[in-house]
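Chemist: Here's a sequence, model it:
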Amino acid sequence: MMANNLNVEYLKDKIVNLDSMLSEVRVFAPATVANMICGFDILGFAVEAPGDEVVMRRTTQPGVTIRKITGDDGRLPLDPGKNTVSACVQYLLQALNISSKVGVEIELHKHMPIGSGLGSSAASTVAGLFAINAMLGNPLTKEELLPFCVEGERLACGTGHADNVAPALYGGITLIRGNEPLDVISIPSPKELVAAVVFPQVDVPTRDARQLIKDKVLLKDAVTQWGNIAGLVAALFKEDYDLLARSMKDVLIEPTRAILIPQFYEMKEIALKHGALSFGISGSGPSVVAITRDEKIAEDIADKIQTHLKENEIDSFGYVSRVNVEGPRILDQKLFTA
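Modeler: Alright, predicted model coming up:
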């Protein structure tokens, strides 16, 4: 059944040539850092690693099935109606009026922790939708794919926000100007920008993290945050790293969510002391991100934070990455032969 939130009128004239449909495709989609510290629900960027992979194969029987999932420790459903990847592929096939003619099976390979604050569900959903679009000969643009990706986020965490799926799909840095209608703007990525991301292995469910957020904020805090967001956007266009450092500060969300992340302020002190331009929470956490302009500094910060966490009996994963400006990419594909 088509999701009620999806308006697919813009696809009614799309024509898909199934004779040229690929038989198999393998796609990678990247993890993302949502919010970019001060831009709650409106800013995000893609990283080079980690990410998820989807292998999709055409089948003779119409419908969407999940063949296997790896890297999830058995946490994700194999039921195609409940898994965000397969459900969104089904929505797309229905929107194109070809669900009774096309059959695909899906393998999902998770290469990042679930619930990490790195857009795990977004990467999987984007990989799946990018894969089915590629198999069909790319009838949809990325702009046309995006609403289906947002629907995947709604299925995964109860809220259809685009700050993870937009950068995962478009690559680079994205700004969500509005949600109704969806209005996404790509922003330049400064060449020297390097992120050190550390995932402390503690559980911070996205739904729980969102419930902590206050419905009302003080006007003076809102004005401060607006100034920071505007300053950050200007800094990205100008490649002004000093302005970026002054702007990437969160006075609204971080004070509330930080209490869910053990050693947060200690990690922040380590990052800023050793050369980070800024430091904050990635998405809803528990992952944290240090923004730098040098890969060696980023690696040093990640190492020091992980060492500190280990000393406090907290395991972690660390990643160092520049901004991924490409987004999802095809790793392999095969042409269908009848």
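
Chemist: From here on, just use CA atoms for contacts and neighbour counts.
Modeler: OK.

Chemist: can you give me the strands for the chain?
Modeler: Counting by DSSP state E, the chain has these strands, from start to end: 22-34, 43-59, 63-70, 103-109, 173-179, 182-187, 194-200, 278-281, 288-292, 316-322, 329-335.

Chemist: Mean neighbour count, those: which tops it?
Modeler: strand 288-292 (a mean of 29; mean count of other C-alpha atoms under 10 Å).

Chemist: still on that earlier bit, if you average pLDDT over each of the strands of the chain, which is lowest?
Modeler: Lowest mean pLDDT of the strands of the chain: strand 329-335, a mean of 84.

Chemist: Name every strand pairing with that one and say which way it goes.
Modeler: Using DSSP bridges, strand 329-335 pairs in its sheet with strand 22-34 (antiparallel).

Chemist: gap between the strand it pairs with and the chain center?
Modeler: 11 Å (C-alpha atoms, centre = their mean, to the nearest Å).

Chemist: quick one on the thing from earlier: now the strands of the chain in TSV, please, with extra columns for distance to residue 119.
Modeler: Supplementary listing: the strands of the chain in TSV, determined by distance: least, C-alpha to C-alpha, whole Å:
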stretch	distance to residue 119
strand 22-34	5
strand 43-59	9
strand 63-70	17
strand 103-109	15
strand 173-179	14
strand 182-187	17
strand 194-200	12
strand 278-281	13
strand 288-292	13
strand 316-322	14
strand 329-335	17
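
Chemist: can you tell which of these is closest to residue 130?
Modeler: strand 22-34 (7.3 Å; C-alpha to C-alpha).

Chemist: show me the contacts for residue 268.
Modeler: Counting by C-alpha atoms under 8 Å, 6 or more residues apart in numbering, residue 268 touches 279-280.

Chemist: I'd like the distance between it and residue 162.
Modeler: 27 Å (C-alpha to C-alpha, to the nearest Å).

Chemist: ranges for the helices of the stretch 51-200 of the chain?
Modeler: For the stretch 51-200 of the chain, the helices defined by DSSP state H, counting those that start in this stretch occupy 84-95, 120-135, 142-157, 165-170.

Chemist: which stretch among the ones you listed comes nearest residue 55?
Modeler: Nearest of those (C-alpha to C-alpha): helix 120-135, 7.8 Å.

Chemist: For the closest residue to residue 26 other than its chain neighbours, give the beta-bridge partners.
Modeler: Leaving out its chain neighbours, the residue that sits closest to residue 26 by C-alpha to C-alpha, 6 or more residues apart in numbering is residue 55, at 4.4 Å. When assigned by DSSP bridges, residue 55 has beta-bridge partners residue 26, residue 107.

Chemist: Would you mind giving the domain segments of the protein?
Modeler: Using automatic domain parsing, the domain parsing of the chain gives 9-185+325-335, 194-322.

Chemist: and these, which is most packed in?
Modeler: Taking mean count of other C-alpha under 10 Å, domain 9-185+325-335 is the most buried of the domains of the chain, at a mean of 21.
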